[in-house]
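Chemist: Let me see the structure of the following:
(one chain, ligands or ions: 1)
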Amino acid sequence: MHPWIADRTTTFDASGIRKVFDLAAKLKDPINLSIGQPDFEVPESVQDAAIDAIRGGKNAYSPTQGIGPLRSALQQEIDSRYGHDDREVFVCSGTSGGLMLSMLSMINPGDEVIYLDPFFVMYPALLKMCGGVAVPIDSYPSFQLDPDAIAAAVTPKTKMILLNSPANPTGVTATAEQLEAVARLAAEKNIALISDEIYSRFHYDDAFVSPAQFNPDTIVIDGFSKSHAMTGWRVGYVHGPGEVIATMLKIQQYSFVCSPQPAQWGALRAMEVNLQGHIDDYLNKRDLICDGLADRFEFTRPGGAFYLFPKAPGDAGGEAFVHKAIERGLLIIPGKIFSARDSHFRISFAASDETIAKGVALLNQLADEA
Ligand SMILES: Cc1ncc(COP(=O)(O)O)c(C=O)c1O
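Modeler: So this is what the prediction gives:
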């Protein structure tokens with residue numbers, strides 16, 4: 001290792017994802033079911049608002065906590081939803097920025113953080129960077145949030161429980177009962193509860209429920225990346241107890257500084273956009289992929305997000321199956337990137353119906369050959 005590299009960077013690695021991208025780079029015209037962002041464009045009115053902001057000279061730093069109008073609009077929405085006395089919001093540099101600030105603000109070396117396996121790739125990396133100890137809870141094969149399993153993993157060192165519903169990479173959503181049980185457990189044990197709600201708008205079979213409805217100290221992280229296809233714009237937001245938010249802002253002031261100002265004006269406009277057409281479309285895509293694969297693959301039907309996490313057919317495991325798929329021009333992601341297990345793979349159905357149909361046909365063919 002190069003002598004300049006800090007120890008904290010060696011606690012996690014990114015080689016798994018790099019390997020997939022290296023393989024993918026060799027493909028000419030892949031059937032791409034690997035993308036973690038919607039296949040629709042940023043709504044035109046949102047594009048116009050950002051362009052107007054740039055042309056109107058709104059190009060400087062914004063206040064650390066975000067531009068006033070966006071913060072007020074978010075705070076109003078949050079207050080009317082939760083009505084908590086102590087719930088403040090600020091704008092951060094994407095949900096990822098909010099996750100990083102949460103860890104830096106709350107995790108001391110040795111603190112334990114509970115989350116489900118499979119998990120979003122950033123969770124273990126970020127918490128290990130802060131010296132935290134990952135406590136993943138195996139949720140195979142249903143990927144459901146099991147409050148008893150969470151309770152059993154709690155120790156005197158548990159500092160945080162990190163929830164993500166709808167989830168990446170499984171698309172599974174937690175029920176109101178499960179969320180309430182975990183929210184009450186966190187309150188009772190005085191554990192920080194973080195809810196990553198980046199996929200909250202992609203919720204197909206019932207209404208989205210937040211654990212913040214049951215625990216007023218829940219820290220909610222959300223953003224515009226997925227809902228409005230603005231992944232490159234870097235606008236997210238965090239809301240929670242004032243003192244925690246103030247600490248996160250102190251770190252943002254000396255790190256990210258602010259979310260890009262023109263993108264924040266775009267996000268303000270985004271709050272007025274009706275997404276229902278897109279959500280209906282994605283529900284249909286969910287059904288298309290699930291119905292197409294149901295005969296030959298084992299999976300839990302996703303209630304949200306735009307991912308499916310099937311078991312690889314045969315005995316070779318997830319990574320070997322993904323390599324075979326990539327050799328045949330289909331881009332999917334091995335489950336072991338999101339998990340301690342190498343048995344599954346992730347499909348993103350944020351793609352055209354035509355691409356989904358091609359992917360389904362090839363996957364079924366590969367299953368027959370396995
Ligand atoms: C569960 C989850 N949280 C957070 C993020 C990061 O989103 P953002 O673009 O807002 O940083 C992603 C992106 O894939 C995600 O899947």
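Chemist: Now do the domain split for this structure, please.
Modeler: Domain ranges of the chain: 7-42+275-369, 60-270, per automatic domain parsing.
Chemist: Going by mean pLDDT, which of those comes out lowest?
Modeler: Of all these, the segment with the smallest mean pLDDT is domain 7-42+275-369, scoring a mean of 93.
Chemist: about what we covered before: please identify which of the domains of the chain is closest to Ala50.
Modeler: Among those, the nearest to Ala50 by C-beta to C-beta is domain 60-270 (3.6 Å). To be clear about C-beta, it is placed using only N, CA and C from the backbone, and glycine gets the same treatment.
Chemist: and the helix or strand containing Asp280, which residues are buried?
Modeler: For Asp280, the host element (DSSP states H and E) is helix 276-293. The neighbour-count check on helix 276-293 (16 or more other C-beta atoms under 10 Å) flags 278-279, 282, 285-286, 289-290, 292-293 as buried.
Chemist: What strands line up against the next helix-or-strand element following it, and which way round?
Modeler: Downstream of helix 276-293, the first helix or strand assigned by DSSP H and E is strand 307-308. Applying DSSP bridges, strand 307-308 is found paired with strand 345-348 (antiparallel).
Chemist: right, is the strand it pairs with up against the ligand?
Modeler: No - judged by C-beta under 6 Å from any ligand atom, strand 345-348 stays clear of the ligand, getting no closer than 9.9 Å.
Chemist: And the next helix or strand past that strand?
Modeler: By DSSP H and E, the next helix or strand past strand 345-348 is helix 353-369.
Chemist: show me where the stretch 51-200 of the chain has helices.
Modeler: In the stretch 51-200 of the chain, the helices defined using DSSP state H, counting those that start in this stretch lie at 68-82, 94-106, 122-129, 147-153, 176-189.
Chemist: Thr300 is nearest to which of the ones you listed?
Modeler: helix 176-189 (14.0 Å).
Chemist: Show me how far that closest one is from its chain's centre.
Modeler: Averaged C-alpha coordinates place helix 176-189 at 21 Å from its chain's average position (C-alpha atoms, centre = their mean, to the nearest Å).
Chemist: Who are the packing partners of it?
Modeler: helix 147-153, strand 158-163, strand 192-196 (3 or more C-beta pairs under 8 Å, 6 or more residues apart in numbering; DSSP states H and E).
Chemist: Would you mind listing the buried residues in the longest one?
Modeler: So the one you mean is helix 147-153. By 16+ other C-beta under 10 Å, the buried positions in helix 147-153 come out as 147, 150.
Chemist: Please list the residues of the stretch 201-350 of the chain that sit near the ligand.
Modeler: The interface of the stretch 201-350 of the chain toward the ligand, taken as C-beta under 6 Å from any ligand atom, is made up of 223, 225, 231, 236.
Chemist: Now do the same for the third one: helix, strand or coil?
Modeler: Of the three states, Thr231 takes coil according to DSSP: H, G, I helix; E, B strand; the rest coil.
Chemist: Name the residues that touch stretch 274-286?
Modeler: Contact partners of stretch 274-286, identified using C-beta atoms under 8 Å, 6 or more residues apart in numbering, comprise 38, 40, 171, 201-202, 204, 227-228, 301-302, 306, 308, 349-351, 353, 356.
Chemist: List the contacts of the closest residue to the ligand within the stretch 201-350 of the chain.
Modeler: Per C-beta to the nearest ligand atom, the residue of the stretch 201-350 of the chain with the smallest distance to the ligand is Ser225, at 3.3 Å. When contacts are counted by C-beta under 8 Å, 6+ apart, Ser225 is found next to 37, 94-95, 198, 231, 233-236.
Chemist: what would those residues look like in TSV with neighbour count?
Modeler: As requested, these are exported to TSV (neighbours: other C-beta atoms under 10 Å):
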residue	neighbour count
Gln37	14
Gly94	24
Thr95	26
Ile198	24
Thr231	18
Trp233	24
Arg234	22
Val235	27
Gly236	25
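Chemist: Report the angle between the helix holding Asp280 and helix 353-369.
Modeler: Relative orientation of helix 276-293 and helix 353-369, computed by axes from the mean of the first three to the mean of the last three C-alpha atoms, to 10 degrees: 20 degrees.
Chemist: Since that was my last question, I'll sign off now.
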